[in-house]
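Novice: here's my sequence, what's the structure:
(one chain, ligands or ions: 2)
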Amino acid sequence: MVATIMSGKLLSDELNEEMKLEVIKLKEKNVTPGLVVVLVGEDSASQTYVRNKEKRANTLGIHSVVEKYPEKMTEMELLRVIDRLNKDDHFHGILVQLPLPKHIDSTKILNAIRPEKDVDGFHPINMGKLVIGQPERIPCTPYGIMKLLQRYEIDIEGKNAVVIGRSNIVGKPMAQLLLMKNATVTIAHSKTKNLAAVAKEADILIVAIGRGHMITKDFVKPGAVVIDVGMNRDENGKLIGDVKSDEVQEVAGHLTPVPKGVGPMTITMLMYQTIESAKELLN
Ligand SMILES: Nc1nc2c(c(=O)[nH]1)N[C@@H](CN(C=O)c1ccc(C(=O)N[C@@H](CCC(=O)O)C(=O)O)cc1)CN2
Ligand SMILES: [Mg+2]
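Specialist: Ligands and ions are numbered 1, 2, ... in the order given. Predicted coordinates:
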């Protein structure tokens, strides 16, 4: 078997075209979706991601502003920035790029964002709404994965889904989204015993561990859908996923590549939620 490759890049391109039209329609009603990205410090990967977000927003016609602050900014100063942006009607979405410098408590900052403007879906109110099955803003990576599963017509209902990783940003919301589609969901993590056996039960295997090439074919049931959320660097600095794709693609039915799999969908869903947030103004 050779797995079907699920391209996040292609789906992003398709959704971009739809979103451009949505933005045009909103502008006709005098609403320009606005996104502000707050970047604190000099982390070079974060700078790249923020630049990519700005570029994508511009391509779609979204009004986009990046506010950059020095590494030594205090938590109180950042809270004041969030307070100002919460009140600024030009912005329907506020995103604070993570990670923040160590002396700033990320939880405090994320909790200060108005839930309606929380296009990352990280605010406890948005997380809580997701858990009770009334999602409003959804963390972009798992949301993008759901769009990919839908695009590739993957049946979810009644399937065994195993999510490896229990972060607030990926693992936990991913499990909730799959549960909402009536999958039987298992969350596995670093303390799970016999991980390969647990993973091998999965019809849908979501891998968000953060360890390059850890998932070999021994973890994969023949024909399974394997979603690789990992972004790691190998010894030569090459970007690799958590899944050993060359051998897993011989066993899996579907597989997301790294790069151009889940990654592009994260930014796409960020734009999508910014537009959704702007639409709410009309209602
Ligand atoms: N506030 C947030 N901070 C962070 C998030 C987030 O969703 N919200 N996620 C990551 C970084 N990130 C977006 O911010 C992000 C990282 C990577 C990609 C991506 O498309 N990756 C490409 C490969 C890029 C490369 O070659 O290095 C891919 O997978 O094809 C998108 C978004 C942490 N911070
Ligand atoms: Mg996100």
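
Novice: for ligand 2, what's the nearest residue on this structure?
Specialist: Ligand 2 sits closest to C140 of the chain, with a gap of 3.1 Å, by CB to the ion. Using the backbone N, CA and C atoms, a C-beta is placed for each residue, glycine as well.

Novice: burial count for that residue?
Specialist: When neighbours are defined as other CB atoms under 10 Å, C140 has 25 of them.

Novice: again with the one 4 residues further on
Specialist: Neighbour count for G144, taken as other CB under 10 Å: 28.

Novice: which residues are in contact with it?
Specialist: In this structure, G144 makes contact with G8, V262, P264, M265, T266, T268, M269, judged by CB atoms under 8 Å, 6 or more residues apart in numbering.

Novice: how about L11?
Specialist: K147, L148, R151, P264, M265, T268.

Novice: could you find the closest non-adjacent residue to the third one?
Specialist: Right, the one you point to is R151. Nearest-residue entry for R151: L11, 5.1 Å, with adjacent residues in sequence omitted and distances by CB to CB, 6 or more residues apart in numbering.

Novice: do the fifth one as well
Specialist: On the basis of CB to CB, 6+ apart, the spatially nearest residue to M265 that is not a chain neighbour turns out to be G144, at 2.7 Å.

Novice: roughly how far does that neighbour sit from ligand 1?
Specialist: Distance from G144 to ligand 1, counting by CB to the nearest ligand atom, to the nearest Å: 9 Å.

Novice: pLDDT value on that residue, please?
Specialist: Among the per-residue scores, G144 shows a pLDDT of 98.

Novice: which secondary structure element contains the spatially most central residue of the chain?
Specialist: Residue closest to the average C-alpha location in the chain (CA atoms, centre = their mean): T141, at 1.6 Å. For T141, the host element (DSSP states H and E) is helix 140-151.

Novice: same question for D83.
Specialist: Here D83 sits within helix 75-87, counting by DSSP H and E.

Novice: buried ones in that helix?
Specialist: L78, L79, V81, I82, L85 (16 or more other CB atoms under 10 Å).

Novice: what's the distance between it and the middle of its chain?
Specialist: Computed by CA atoms, centre = their mean, to the nearest Å, the chain-centroid distance of helix 75-87 equals 24 Å.

Novice: can you tell if that helix touches ligand 1?
Specialist: No: no part of helix 75-87 sits near ligand 1 under the criterion CB under 6 Å from any ligand atom; the closest distance found is 12.8 Å.

Novice: what's that helix packed up against?
Specialist: Secondary structure elements in contact with helix 75-87, counted by 3 or more CB pairs under 8 Å, 6 or more residues apart in numbering; DSSP states H and E, are strand 34-40, strand 63-69, strand 93-96, helix 106-112.
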